[in-house]
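Colleague: Got a predicted structure plus its sequence, pasted below:
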Amino acid sequence: MSESGAVHPVVLNVGGTNFSSSMATLTRYPDSLLARLVHRGTHGQGSGGQQQQQPLFVDRDGTLFRHVLAFLRDGALSPGLQGPELRSLGREAAFYELHALVRAIQQAEAASRAELLEVRFSLQEGGAAFFRVFGSRADSVLELAERVHVSSEHEHEQQHLHLHQQQHSWAGWPLQAAPTWSSSGPAASLERVALQRPSHHDFVFQCGPAPSSTGASFVRYVSIEPDQRRLTNGVNVLGLLIDTVLREGFRLVAARTASPDDRVECYTFERGHPMGGQHHDNKAMAAGREQPIGGHGKAANGKPAKK
């Protein structure tokens, strides 16, 4: 009868360890290799209400199969799985062609990894400041980039209306100067400047005074939502940017000089609960202390002192 599998459990010998379960549980995913093995191995056994004659042997890891069986029964991963054991279970899931279990393991691994964010800052002679923000998650980088607004104010009037764009670079990354709109009127204009996006995982911008090939000078302002201030001082912008990142749940794990020649400072942030997280944080903080930034005034908590 149809319930014979429930009356007489199917017995598997996985790597020398016996497991008993119902036919319905073991064949929960009919397209899996496990379901096919069970159907093939029990053909003629356990039918008609007769008990299975001998265990079906599967030459795989019996210690990990208990987690496979738990997933088949509950539809969820066993609590506490992490690290090498989780990765090994992923290999077993792939062997048994249990695609739902593979996806669950991938999601658990992604959730266990910390999200990283890096802010690079360079204060140049003359007051111009350059920023590059890089993140391990493209969606977080995009969300932060949409909150950073750069505008440009032009101080010299011209005799005609024109548009000019000039290319600059910083630490190998192309930077596009603000469009220089000018007119015969005396009033200075304020124009929005698009952030540079070298990839989906980073963006680049600058603030403070900037050169123009036309001879006109202009200043870049930066504001970061929800703060409404327009700042030109690079250290102040850095402080606001770090405050914004910290408010989003990140924590500062390292501060170092990335390139002494270019005066590039690097701040590394982390969000999430990585495996062995406390040990990782201590190592990162130690790395930051080994390479102190001889920069622009830091508070005791590692954040720039606003000026």
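Modeller: Here it is on my side, so go on.
Colleague: S199 - how many residues pack around it?
Modeller: When neighbours are counted by other Cβ atoms under 10 Å, S199 registers 9. Placement of C-beta: from N, CA and C, glycine included.
Colleague: Run through the bridge partners of it.
Modeller: With beta bridges defined as DSSP bridges, S199 has these partners: D202.
Colleague: D61 reaches A93, doesn't it?
Modeller: No - using Cβ atoms under 8 Å, D61 is not in contact with A93, being 11.6 Å away.
Colleague: who's more crowded, those two?
Modeller: Shown here are D61 and A93; by other Cβ under 10 Å, A93 has more neighbours (24 against 18).
Colleague: Look up the closest residue to that one, ignoring the ones flanking it.
Modeller: Using Cβ to Cβ, 6 or more residues apart in numbering and skipping residues adjacent in sequence, the residue nearest A93 is L101, 4.0 Å away.
Colleague: isn't there a helix covering the one you found?
Modeller: Yes - per DSSP: H, G, I helix; E, B strand; the rest coil, L101 lies within a helix segment.
Colleague: Name the residues that touch stretch 127-134?
Modeller: 117-124, 141, 144-145, 170-171, 173, 175, 201-210, 232-235, 237-238, 241 (Cβ atoms under 8 Å, 6 or more residues apart in numbering).
Colleague: Quick one: mean pLDDT for that stretch?
Modeller: Throughout stretch 127-134, pLDDT has a mean value of 91.
Colleague: Report the buried residues of that stretch.
Modeller: A128, A129, F130, F131, R132, V133, F134 (16 or more other Cβ atoms under 10 Å).
Colleague: same thing with stretch 98-111?
Modeller: Buried, per 16+ other Cβ under 10 Å, within stretch 98-111: L98, L101, V102, A104, I105, E109.
Colleague: In TSV, list those residues along with pLDDT and distance to P55.
Modeller: Converted to TSV, the buried residues of stretch 98-111 look like this (pLDDT from 0 to 100; distance: Cβ to Cβ, whole Å):
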residue	pLDDT	distance to P55
L98	96	20
L101	96	22
V102	96	26
A104	94	27
I105	93	27
E109	84	32
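Colleague: mind putting those residues in TSV, distance to A258 included?
Modeller: Shown next, in TSV, are these (distance: Cβ to Cβ, whole Å):
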residue	distance to A258
L98	44
L101	42
V102	38
A104	38
I105	35
E109	29
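Colleague: Among those residues, list the two that are farthest apart in space.
Modeller: In these, the most distant members under the criterion Cβ to Cβ are L98 and E109, with 15.9 Å between them.
Colleague: returning to what we had before: could you flag which of the contacts of stretch 127-134 are buried?
Modeller: Buried residues within these, counting neighbours by 16+ other Cβ under 10 Å: 117-123, 141, 144-145, 170, 175, 201-210, 232-235, 237-238, 241.
Colleague: which residue ranges form the helices in the stretch 1-150 of the chain?
Modeller: For the stretch 1-150 of the chain, the helices defined by DSSP state H, counting those that start in this stretch occupy 4-7, 23-26, 33-41, 62-74, 83-95, 99-112, 138-145.
Colleague: lowest-confidence stretch among those?
Modeller: Of all these, the minimum mean pLDDT falls on helix 4-7 (a mean of 47).
Colleague: and F269, backbone torsions?
Modeller: phi -120, psi 160 (degrees, to the nearest 10).
Colleague: Can you list phi and psi of the spatially closest residue to it that is not a sequence neighbour for me?
Modeller: Closest residue in space to F269, ignoring its immediate chain neighbours: F250 at 3.8 Å, by Cβ to Cβ, 6+ apart. The phi/psi pair for F250 (degrees, to the nearest 10) reads phi -80, psi 160.
Colleague: quick one: V38 from V14, how far?
Modeller: 12 Å (Cβ to Cβ, to the nearest Å).
Colleague: Could you do R229 as well?
Modeller: 64 Å.
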